[in-house]
Every structure is written in C-alpha cells, then in structure tokens.
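K.L.:
please work out how this folds:
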Amino acid sequence: MRAHADSIDDVYQKLGQGESIVDSIERYDKGVETRMEGYVAKTTRQKYAKSEVYTKFKHGIYEAQHPGAAIPPISEFISREDGDDSDDEDELEMGGVTQSYTCPITLTPLVAPMTSQICGHSFSEEAIRQSFRGSTSVAKKCPTSGCNKSFKLTDLKPDPALAKKVKNWNRRNQRAAEDVDAEEIVD
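P.N.:
I've put the predicted structure just below:
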C-alpha cells in the first residue's frame, strides 16, 4: 500500500511543480515496481524495527503480558538476518518505552484521553479543550514538558485503546493500595 501511495504522490508532486506528464501510468507502475523491489530486499528488522505501527502493536502485547514493565528495544523481538547492521553500530536504539497514564496538564489519571497526531502526547479531553478555549484553528505549543511541537485542537483524536489501558492501570493501582492496607498491622 505504501509503495502505491508513494508512487501516486511522486506523480502528483511532479504535476505540482509544473512538469507536463504524458506517461503517468508508466511512471506510477515503475515507481511501484522499484519500491516493491526495495521492500522485498529488506530484512525483517529493516522492515519492522522502525515501524511505528509495529512498535505500537508490540508495545500493546508486551504491556498486556508484563504490566507496568518497560518494553525492551523492538529489535530484541526480531531475529538478526544477513544484511542487518551490526548491533554495535553508531546508531543507538532506545528501549524502556513506558506509557504515562497521567495528564500532563492536570497531573491526574487520564480521563477520556485524546492523543495528538503531531507529537503523540495524550491529554484528558476536558483539560486539553480548556487549554485551547474553543480555538480549533490556532496551533498551540504542546503542554507536555520538553515537547516543542505545536498542534491544533483538530489534530487531537480520541484514544479508546489508551482509555482501556488507563482503566486497567487504575484497577491495578487500586488493588495494590488495597493489598498494602490489608498488610498494615494496627497496634
């Protein structure tokens, strides 16, 4: 799908630059063919280790199997093949991805989380809407500490998967608190 979309985009970009194109179908077909050959030649790590979709998928599975634990680098889940870069190359792959279940605005657990499609940070719906004060077309700096990206209110999307994770996280925390209370010895 990506090969087809990128090939169409290439033709569109050439048209946008004012180029006269009489062989659009041939350019499209050649673009798809070239991209598919490149994709097939890649190793499994090259295809998936930097894929955001695969990373989110693996993160969801890992979190379900290891609640509260940080996920190791994605490459640890994919076997090395001939053609893969050495693991001791200059590029550093960070593991330990953890999900924050608190709103960076209210510092309380997320409620009806909305996630920015620009930077990936999530906020409680009411808090982020209040920070925009109804201005949907004006971009504002992300309120998450350390993030320098800006987005509009329309760049936020409801995140039902995160809402489910927050609910499970709250439930685990409540059970842990109940266990601590049960262990307290009163003199």
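K.L.:
identify the residues contacting the longest helix seen in the chain?
P.N.:
Identified as the longest helix of the chain according to DSSP state H is helix 160-183. Residues from elsewhere that reach helix 160-183, judged by C-beta atoms under 8 Å, 6 or more residues apart in numbering: 60, 63, 67, 68, 99, 101, 109, 110, 112, 113, 115, 122. Where C-beta positions appear, they are placed from N, C-alpha and C, glycine not excepted.
K.L.:
average pLDDT across that helix?
P.N.:
Per-residue pLDDT values over helix 160-183 give a mean of 80.
K.L.:
next, the buried residues of that helix.
P.N.:
162, 163, 165, 166, 169 (16 or more other C-beta atoms under 10 Å).
K.L.:
I'd like the next helix or strand past the helix or strand encompassing residue 10.
P.N.:
Element membership of residue 10 [criterion: DSSP states H and E] is helix 2-16. Counting by DSSP H and E, the next helix or strand C-terminal to helix 2-16 is helix 24-41.
K.L.:
mind giving me the packing neighbours of that next one?
P.N.:
Other elements packing on helix 24-41 under the criterion 3 or more C-beta pairs under 8 Å, 6 or more residues apart in numbering; DSSP states H and E are helix 2-16.
K.L.:
and the helix it packs on, what does it pack against?
P.N.:
Applying 3+ C-beta pairs under 8 Å, 6+ apart, we find helix 2-16 packed against helix 24-41.
K.L.:
could you check the angle the helix it packs on makes with helix 2-16?
P.N.:
140 degrees (axes from the mean of the first three to the mean of the last three C-alpha atoms, to 10 degrees).
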